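Trainee: Provided below for reference: sequence and predicted model.
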Amino acid sequence: MARVYNFSAGPAVLPEEVLSRAGSEILDYQGSGMSVMEMSHRSKVFQGIIDKAEADIRTLMGIPENYKVLFLQGGDSLLFATTFINLAPHRKADFVITGNWAKKAYQEAQILGDPNVVASSADKNFTYIPDCSDLPIREDTDYLYICQNNTIYGTQYHTLPNTKGHTLVSDQSSMFLSEPVDVTKFGCIHAGVQKNVGPAGVQIVIVREDLIPDDLPGVPTMLRFKTQADKGSLYNTPNCWGIYMCGLVFQWLLENGGLAAMHEKNAEKAKILYDYLDASELFHPTVADTQSRSLMNVPFVTGDKDLDAEFVAQAAEAGLVNLKGHRTVGGMRASIYNAMPKAGVEALVNFMDGFERSHKK
Ligand code: PLP
């Protein structure tokens, strides 16, 4: 069976080279006589896998030595709570609300302490990134929190907020490794890997060492960053297979020019789709503000629910799948992560064009 072009927001398409390589190693990982799924996380072989994965992501992102890289479990949603538990010693953090995921992080902080909203784009259904050049950040806040790419609404920060000297904590889940990032601008970056980097079940945390508290009275062991930071993410049984797959994707990225080359490709793909949408009479991008547009998630609508449904169904028949939009936005959403080839975006635009022509009044 031929592979489809999969526009899912996550879990999402992975590079074919990576899937083939994983397939070729599934019965016998490099002479070990077993699959990575079957081996002990305490084995030398697996230690080699996780060490290489960490070294490769450090190279890719240029992660300085004073940052820890953690491979965790529990969902990126757990990090909404654990970032606050670990990084807000005074129980104060300020939030920019740009959609559901930022709101959920804020709501977790509400359970645990005293968060504050310093900006929001709720007034226009989260279709833009607010001006973050002069936010009313509290002087005694522990950090400023952003969701850097908004998977549902299709917006992305292209300039980081002015934190006024405060620590920046960012959820990069749906843009992770899609472009170069200056890690030193952040106290902590967290990401669920199931969008751009691997199968669901691993979250990567990149956190500045001095922000990791030594002691967190009353906090369970597994919720402390220090627990996994001290043990190289091997305090307990990790998602061995997931980490192995992430490692293969890191290698694929390195072999394909790294994050700068990936950014170029992603910008080119997004331009093809946005250019078409901006010129179309039938399909309209929900994010009109060009400065706020995501390179990864592109929502669009016809304005007619029945027509949207017809489009999604016909596209699926043509091998362009998972284009249905999130229920809060409606319409369609094309997620065009790293592993989506340019040919996939071109096929989508061709199909949309044909659909538009056949529905001309
Ligand atoms: N953050 C962002 C930006 C997301 O898009 C998602 C999921 O889609 C999450 C967090 C939550 O991730 P998880 O399902 O791993 O908890």
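Mentor: Ah, there it is. Numbering: from 1, shown residues only.
Trainee: Over to Val96: give its phi and psi.
Mentor: Torsion angles at Val96 (phi, psi; degrees, to the nearest 10) stand at phi -100, psi 120.
Trainee: Likewise for Gln47?
Mentor: Dihedral pair for Gln47: phi -60, psi -40, per degrees, to the nearest 10.
Trainee: can you check Phe95 too?
Mentor: phi -130, psi 140.
Trainee: residues contacting it?
Mentor: Counting by C-beta atoms under 8 Å, 6 or more residues apart in numbering, Phe95 touches Ala102, Ala105, Tyr106, Ala109, Pro115, Asn116, Val117, Val118, Leu144, Tyr145, Ile146. The way it works is simple: take the backbone N, C-alpha and C, and place the C-beta from them, glycine included.
Trainee: Dump those residues into JSON lines; add distance to the ligand and neighbour count as well.
Mentor: Formatted as JSON lines, the contacts of Phe95 follow (distance: C-beta to the nearest ligand atom, whole Å; neighbours: other C-beta atoms under 10 Å):
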{"residue": "Ala102", "distance to the ligand": "8", "neighbour count": "23"}
{"residue": "Ala105", "distance to the ligand": "8", "neighbour count": "27"}
{"residue": "Tyr106", "distance to the ligand": "13", "neighbour count": "22"}
{"residue": "Ala109", "distance to the ligand": "14", "neighbour count": "24"}
{"residue": "Pro115", "distance to the ligand": "17", "neighbour count": "23"}
{"residue": "Asn116", "distance to the ligand": "20", "neighbour count": "15"}
{"residue": "Val117", "distance to the ligand": "18", "neighbour count": "14"}
{"residue": "Val118", "distance to the ligand": "19", "neighbour count": "19"}
{"residue": "Leu144", "distance to the ligand": "17", "neighbour count": "27"}
{"residue": "Tyr145", "distance to the ligand": "12", "neighbour count": "29"}
{"residue": "Ile146", "distance to the ligand": "10", "neighbour count": "26"}
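Trainee: what's the closest of those residues to Arg138?
Mentor: Each of the contacts of Phe95 was scored against Arg138 by C-beta to C-beta, and Asn116 proved nearest at 6.1 Å.
Trainee: wait, that closest one sits on Asp140?
Mentor: No: shown here, Asn116 and Asp140 do not form a contact pair, counting by C-beta atoms under 8 Å, at 10.7 Å.
Trainee: Identify the contacts common to the two.
Mentor: With C-beta under 8 Å, 6+ apart, Asn116 and Asp140 have common neighbours Lys92.
Trainee: Give me the neighbour count for Ser8.
Mentor: Using other C-beta atoms under 10 Å, Ser8 is surrounded by 18 other residues.
Trainee: What separation is there between it and Leu323?
Mentor: Distance of Ser8 to Leu323, computed by C-beta to C-beta, to the nearest Å: 9 Å.
Trainee: before we move on, what about Ala270?
Mentor: For Ala270 relative to Leu323 (C-beta to C-beta), the value is 16 Å.
Trainee: could you show me where the strands are in this structure, in order?
Mentor: Ranges of strands in the chain, per DSSP state E, are 5-6, 67-72, 92-97, 114-120, 143-147, 149-150, 155-156, 167-171, 188-192, 203-208, 284-285, 297-301, 320-321, 332-335.
Trainee: okay, those strands, which one's buried deepest?
Mentor: Stretch with highest mean neighbour count among those: strand 149-150 (a mean of 30; mean count of other C-beta atoms under 10 Å).
Trainee: residues in the stretch 151-300 of the chain within reach of the ligand, list them.
Mentor: Thr151, Asp171, Ser173, Ser174, Gly192 (C-beta under 6 Å from any ligand atom).
Trainee: and these as a markdown table, adding pLDDT?
Mentor: Shown next, in a markdown table, are these (pLDDT from 0 to 100):
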| residue | pLDDT |
| --- | --- |
| Thr151 | 98 |
| Asp171 | 98 |
| Ser173 | 98 |
| Ser174 | 98 |
| Gly192 | 98 |
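Trainee: Name the nearest of these relative to Ile97.
Mentor: Asp171 (12.2 Å).
Trainee: Return the residues in contact with that closest one.
Mentor: Per C-beta under 8 Å, 6+ apart, neighbours of Asp171: Asp76, Leu79, Trp101, Ala102, Ala105, Tyr145, Ile146, Cys147, Gln148, His190, Ala191.
Trainee: Who is it paired with across the strands?
Mentor: Cys147, His190 (DSSP bridges).
Trainee: gap between Leu320 and the ligand?
Mentor: Distance, Leu320 to the ligand, using C-beta to the nearest ligand atom, to the nearest Å: 21 Å.
Trainee: number of nearby residues for Ile85?
Mentor: Neighbours of Ile85 using other C-beta under 10 Å come to 22.
Trainee: Verify the contact between it and Gly218 for me.
Mentor: No: contact criterion C-beta under 8 Å: Ile85 and Gly218 do not qualify, at 9.8 Å.
Trainee: Distance-wise, check Gly165 relative to the ligand.
Mentor: Plainly put, Gly165 is 26 Å away from the ligand if you go by C-beta to the nearest ligand atom.
Trainee: Please disregard the earlier target; I meant Pro341.
Mentor: Pro341 sits at a distance of 22 Å from the ligand (criterion: C-beta to the nearest ligand atom).
Trainee: burial of that residue, as a residue count?
Mentor: Neighbour tally, Pro341, other C-beta under 10 Å: 16.
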